[in-house]
Each structure stands twice: as structure tokens, then as C-alpha cells.
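Engineer: Make a model of this:
(one chain, ligands or ions: 1)
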Amino acid sequence: MELLPLLCHPGWFCCCVGLIIILRLRRRKPWDPSKCSVSLAGKTAIVTGANTGIGKCVAMDLARRNARVILACRSRERGQRALEEIRRQTGNGAVLLEMLDTSSMASVRAFADRILQQEKRLDILINNAGASGLPHSMTAEGLENTFATNHLGPFLLTNLLTGLMRKSAPSRIVFVSSFNHKNGEIHLSCLRGQNIRGFRPDYPYNCSKLMNIMCANEFARRLRGTGVTVTSLDPGIVMTEAVRYYSIFIRLIFKSIGFFFFRTPEEGAVSTIFCAVSEEAEGLTEKYIDCDCMLALPSPAARDPPVTAKLWEACEQAVGLPPSPPK
Ligand SMILES: *[C@@H]1O[C@H](CO)[C@@H](O)[C@H](O)[C@H]1NC(C)=O
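Structural biologist: Here you go, the predicted structure:
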């Protein structure tokens, strides 16, 4: 009997599918937010990109813990929908919506100004907003769109809010990076849209996620001893709308394979919630957490102090901050 027809037998096929479904249902939970009883009453948190996906799930969790939660969103309509859903599901009325477009440094500054005026404290800042698969384009401020959205906006925002966070210490800053950072490279001219290799849409994404980790660690070093801790993390491969800029074909493949192999946004939010609220992550700083909530080493490129120093300087210039040498 031929081997090939045997392997193609429907019985085999069903066995395989059954096995995959069993593995999917038995996927272990690395750390369970529902078993963590930390309360955030009296604390204020900002979640960027909170209208959908991981950001919305994180905001939902923080609201359940009774934090005052500011949803920083680009679209008022989508943000308002998320706000209503979170208020309804958690019964927490102190969930607010503020407009923020991290691709625009003017928008970041206006947002930070409003926060500094309105809020007396800030205990948790989740830099979650990001996009992948954006077509290569330049913003009105002369920055490359993906780098601006995923890195320079969060970089500027964090710089503008650390003063308030120091006053509220102990406080936590969290950067949602990605495993993809391992394929990133640092070419400073990319920030202004030059020398982007082949313009593959995931190239700027991968590089921006590498920058997230490098600057998170630099923030951590600069904030040592202040009670403000900074971590970065990998959420795992998550079914989110971050793929919405890819073609319908890629989105369809993503959706159908996704059910079996990718995490749901709830599962993808776990490592972020771990960094932001868990007792285990208290005092944890200058560290990278993987999608199973384990301490992990980012790629060697992310652990290169001279390159990090140059990147920090280039980011300050790009967003219009005065130079601030490390202490
Ligand atoms: C970006 O990272 C992903 C995942 O690690 C990888 O599959 C992809 O090839 C990378 N893209 C580029 C342009 O390096």
C-alpha cells in the first residue's frame, strides 16, 4: 500500500485536527490575572490604544481593580464605545476617554498637557498603542509613520509624564514591545524615513519594537532610585486588529489559523497586566518579560549601551526634546 494515500486518509486528518483542538484548549495559563487580588483603588492609570485588542483588555482589568482609568485613543467614536463597554462590565464610573494620536508629537504634547492639568497623580502608564503593516509614509512632522506611532510618540509621552509619575511613586511604566524585536535593527535615519530596507511593512514594525525595549531600559536606568519602574514585554502572537492594514487575504489567513495558534486579546493582555499590577513585578525594572510572564533576555541588539545612548539622542532630536545626557 502506498504511503501517501494512507497519510491523506480522512481518519488521519481528523486525528490531527482533534489533537490541535485539544492542545489549544489545554494551553497553559502562565499567570492568571483573575487569581491576583491586587486592588488599584485610589490609583490612576493611562492605557494608550485602549479602544481594542490588548489595550481594551488591560483597561478592563485595571477598571475591575477600581483604578481611575484613562483610555487614550485616536478615534473618539471607537474610544467612546470601549469606554461604555468597560464602564458597563466593571461598574467603574471613573473610566475616562482622552484623544491621543501617538503618530503626532503635537497630539502627544496636547494630551500630556491635559493630563498634567487634570490629574493629581499617575501610577501606571501602559504604552500599548501601535500599528503593524502600515504603508510606508511620512507624518506632517517629517517622521516615518510606523516609527512615530510605535516608538517616538510613546517615547515623548513617557518623557512628559515621568515628573508626575515620580510624585506618585511607587509607579510603573510598561512598554508593550514584541518578540519581533529580534529581527529589528537600529538605523537612526529610519526615524525620518530614510534607508528603510525594501519597505517591507514589517521592517519598521520590528525595528520600532526593538527601540521600545532599548528606551524602556534607558528610562529605567534614568529613573533608578525614584520608585518609578519600567518594564517591556512580549504579548505573544495575538489576534488583534493590528493586522487591519494588511490585505484581506492575509487577514483571512491570520483569522483562520489564529483560532488554533494565536492568543486571544485576553490572553495577550496577561503579560502586560502582570507587569502593571502583579506583586511579582513590584520593584521589577529594566527587565523584559516574555509572553509567559517569565523574565527573558531581549536580543543582543537590545542590550547595547552605546547604541542605546545614540538612539536616545536621536529620539530626543526627532521629537523636539532638549538633549538630556544620562546621569
Ligand atoms: C519581522 O519579524 C517577524 C517575526 O519575528 C519575521 O517573521 C519577519 O521576517 C521580520 N521582518 C523583517 C523585514 O525583518
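Engineer: where's Phe155, which helix or strand?
Structural biologist: helix 153-167 (DSSP states H and E).
Engineer: How about Val17?
Structural biologist: Assigned by DSSP H and E, Val17 falls in helix 10-25.
Engineer: what's that helix packed up against?
Structural biologist: If you count contacts as 3 or more Cβ pairs under 8 Å, 6 or more residues apart in numbering; DSSP states H and E, helix 10-25 packs onto helix 248-261. The C-beta positions use only the backbone N, C-alpha and C, and glycine is treated the same way.
Engineer: Could you measure from Leu83 over to Arg121?
Structural biologist: From Leu83 across to Arg121, the span is 21 Å (Cβ to Cβ, to the nearest Å).
Engineer: mind listing what Ala50 touches?
Structural biologist: 56, 58-59, 69, 71-73, 79, 82, 128 (Cβ atoms under 8 Å, 6 or more residues apart in numbering).
Engineer: State the distance from it to Ile253.
Structural biologist: Counting by Cβ to Cβ, the gap from Ala50 to Ile253 is 27 Å.
Engineer: before we move on, what about Pro33?
Structural biologist: 30 Å.
Engineer: neighbour-wise, which of those two wins?
Structural biologist: Using other Cβ atoms under 10 Å as the criterion, Pro33 and Ile253 rank with Pro33 on top: 21 against 13.
Engineer: Which pLDDT value does the model give the more buried one?
Structural biologist: Note for Pro33: predicted pLDDT of 96.
Engineer: Look up the closest residue to it, ignoring the ones flanking it.
Structural biologist: Ile273 (4.8 Å; Cβ to Cβ, 6 or more residues apart in numbering).
Engineer: thinking the one you found is in contact with Ala59, fair?
Structural biologist: No: between Ile273 and Ala59 there is no contact under Cβ atoms under 8 Å: 10.3 Å.
Engineer: So those two - more neighbours on which side?
Structural biologist: Ala59 (32 against 26).
Engineer: That one belongs to a helix, doesn't it?
Structural biologist: Yes: Ala59 sits within a helix when classified using DSSP: H, G, I helix; E, B strand; the rest coil.
Engineer: Contacts only, for it.
Structural biologist: With Cβ under 8 Å, 6+ apart, Ala59 has these contacts: 45, 47, 50, 69, 71, 82, 86, 95.
Engineer: helix/strand/coil for the first one?
Structural biologist: Secondary structure for Ala45, judged by three-state DSSP, is strand.
Engineer: Stretch 284-302 near the ligand anywhere?
Structural biologist: No: against the ligand, stretch 284-302 shows no contacts by Cβ under 6 Å from any ligand atom, the least distance being 10.3 Å.
Engineer: where exactly do the helices run in the chain?
Structural biologist: 3-7, 10-25, 53-64, 76-90, 105-118, 145-147, 153-167, 202-222, 248-261, 265-268, 270-277, 305-319 (DSSP state H).
Engineer: Understood, closing this out.
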